[in-house]
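[1] Below are the sequence and a predicted model; questions follow.
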Amino acid sequence: MRCIRPVLIGLFAFAQHMALAQPTFSIYNGSTESCQGVMHDTGGPAAFGYQNNEDITFTLCPDQPGAGMQFNFVVFDLDQSGAAGTVDNMSVYDGDGTDAPLLGTYTGTQLQGLVISTTVFNPSGCLTLHFVSNDVGTGAFAISYQCIIPCDPPMAAATMSLPSPARICAGEEVQFDASASEAAPGQSITNYEWHFGQLDVVTTTESTVTHVFTEPGSFPVTLIVSDANDCASTNAVDLLVQVSSSPVLNLTTSDTVACVGSPLELSAEVEAVPWSGTLVDYGPGIFIPDYVGTPFTSAIEFTGFVPGATLESVDAIESICVDMEHSFMGDLVLELICPDGSQVALHQQGGAGTFVGGPNDMDSNSAPIPGECWHYCWAMDAPNGTWADCSANGATPNVIQGGTAPNNALAPGTYTPVQPWDALVGCPLNGTWTFRATDLWAVDNGYLCSWELRFDEALVGDGSAFLPTYGPGCDSTYWSGPDITGSVPDCNSVVIIPSAPGEQPYTFTAINDFGCTYDSTIVINVLPATDPYCISLGLDAPTIDAINVRPMPVHDILQVSNREPITGYELLDLRGRKLLAGRATSAHGTLQVDVSALPAGFYLLRVEGASGTVPVRVVKE
């Protein structure tokens, strides 16, 4: 993408103003060390401009160990008169000589207002300029420069108010403390950036923070601290908070209508809901402008792995994919950086003017127009070679037409990365994974619409997936409400014998191993014993007092006696299902019922006699 020529009014005056405040000099054949100043063409700060037939090579290095250089082209207006290939031009090299990598060759106003910095691949920290003018026409340039001091990153450290993994309930707060973080010598920590999962970021100047987790899930908590130099920590802080998922409570009853004095069973089932993390995530889009040598990044916060888990094999990374467009493949260095700072190059220049995706090649940095992002992936077992191999001029071209105006564009597909992924082995899985794009040549720009990192499913561990549990005792699950007369050992089922008519609420409560409490309520309509519905069940028959059933609760043999002969019986569960039945073998009012094969619980025995059928509640232990 080409830059629109900016208006130059006032820029020479600006350069002269800078000359008053900073060291200034005119470009010459040679080299020097300096960390701040202004460099002019041979016409000097008076803005006379350079002369015809100049050929100057100049190297500027930082005067501080470990620093790099940054050039800001305040004025850049080279004459473009002359035959093609002979116009005035300036080449910029990423190093201490013209044998260093070429960042670009520029003429006209191509560098006007742009910034060029030493790249991460330049150990010298120097930038070299080669300026050539022909014998037809002159122009001017002025460059302000400064050193870039590399960071001595601080060390992040954090604890929380609960042991990791902290198991909490939705809406519960956790306190975090980063006071043990350490800055580099001579520096102090000024900002604490907390990442609570992927999307929830809190930045503060205080070392302690309290956070409320409102949704269920597994949330790795990471911390990035930065100092006054804006140097940020790169070490991993790996805390984990698990927020309980809500269970499904299924409540049932043998009938939604009960009668005063008659038993009714209430039952509940607790269905715990599992939670598991994701092994693929998507980073946000970024604009990739013409800021030569300046990295632009997009980050993903992974949340789905066991605390402390590391990448043990490159095979565990299934693919790295981008949706992007750029109008000059040869500009780009594309890298993946893991949470501990280890990095690999996916594409490292090469491919020249082949498009990536369908870019708009008619826009500018000041008014960028997104093109069409295409989907590209990298994998170690890719069917295609590198991007450079598959560019229009590569050994194995794989291009189609795309962009505005149309040009050869790399076809969507899966490609081989420039570097193998071995450098990522040992990287923490949890934390911030970063995609970094660096444009090493001015004039063209692009967009990263999104990117994704996909891991092998086998990497999911106990730190990601969890299933809350509910104990077998009555301290974990229980019913509450009026007239509860008995329950099974786990208290999931109870029998009520209502003592008063009306709508009666009964609440089932479940408490899991996270300490989270959930409940659900069912309302039972209790009818008077004289209601026709209850009379039809025979529950108020006057003969009910004549029945004697023992022992209660019963273990195996139920002894039944009646004042009148018993002619038969039925044993029902509280859902009305007939389990046992028979005719009396004695003319006397006695009966034995073997219930040894039945599970513990509550049953209804219907005893048949001359006066009718009498129901009796039975408890089996």
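    Cool, got the structure. Because the structure is a prediction, the values reported are computed rather than measured.
[2] Now do the helices in this protein.
    For the chain, the helices defined by DSSP state H occupy 11-21, 532-536.
[3] quick check: mean pLDDT across the first one?
    To tie it back to what came earlier, the one meant is helix 11-21. Average pLDDT, helix 11-21: 31.
[4] Test my guess that Lys578 contacts Glu570.
    Yes: look at Lys578 against Glu570 with Cβ atoms under 8 Å: they come within range, at 5.7 Å. To be clear about C-beta, it is placed using only N, CA and C from the backbone, and glycine gets the same treatment.
[5] The two: which is more packed in?
    A side-by-side neighbour count of Lys578 and Glu570, using other Cβ atoms under 10 Å, places Glu570 first with 16 against 10.
[6] In contact with that one, which residues?
    Lys578, Leu580, Ala581, Leu605, Arg606, Glu608 (Cβ atoms under 8 Å, 6 or more residues apart in numbering).
[7] rerun at 10 Å
    Contact partners of Glu570, counting by Cβ atoms under 10 Å, 6 or more residues apart in numbering, are Lys578, Leu579, Leu580, Ala581, Gly582, Leu604, Leu605, Arg606, Val607, Glu608, Thr613, Pro615.
[8] For it, give its distance to Leu604.
    8 Å (Cβ to Cβ, to the nearest Å).
[9] do Lys620 as well
    Separation of Lys620 from Leu604 (Cβ to Cβ): 12 Å.
[10] Common neighbours of the two, please.
    Joint contacts of Lys620 and Leu604 (Cβ under 10 Å, 6+ apart) are Leu571.
[11] which one of those two has more residues nearby?
    Leu604 (22 against 19).
[12] Is that one in contact with Ile497, as I believe?
    No: the criterion here is Cβ atoms under 10 Å, and Leu604 misses it with Ile497 at 11.8 Å.
[13] Find residues that contact each of those two.
    Going by Cβ under 10 Å, 6+ apart, residues that sit against Leu604 and also against Ile497 are Ser262, Pro263, Arg617.
[14] Next, the contact list for the second one, please.
    The neighbourhood of Pro263, defined by Cβ under 10 Å, 6+ apart, consists of 254, 483, 485-486, 495-498, 539, 574, 602-604, 615-619.
[15] tell me which residues form a beta bridge with the nearest residue to it once chain neighbours are set aside?
    Closest residue to Pro263 apart from its sequence neighbours, by Cβ to Cβ, 6 or more residues apart in numbering: Arg617 at 4.4 Å. Beta-bridge partners for Arg617, by DSSP bridges, are Leu604.
[16] Surely Arg617 touches Met552?
    Yes: here Arg617 lies in contact with Met552, judged by Cβ under 10 Å, at a distance of 8.6 Å.
[17] Looking at those two, which has the bigger crowd around it?
    Arg617 (18 against 12).
[18] For Lys578, see how far away that one is.
    Relative to Lys578, and taking Cβ to Cβ, Arg617 is found at 16 Å.
[19] can you check Thr469 too?
    36 Å.
[20] same thing with Pro274?
    With Cβ to Cβ as the criterion, Pro274 and Lys578 are 38 Å apart.
[21] quick one: contacts for Thr252?
    Thr252 makes contact with Glu265, Leu266, Ser267, Ala268, Glu269, Ser493, Ile522, Arg575 under the criterion Cβ under 10 Å, 6+ apart.
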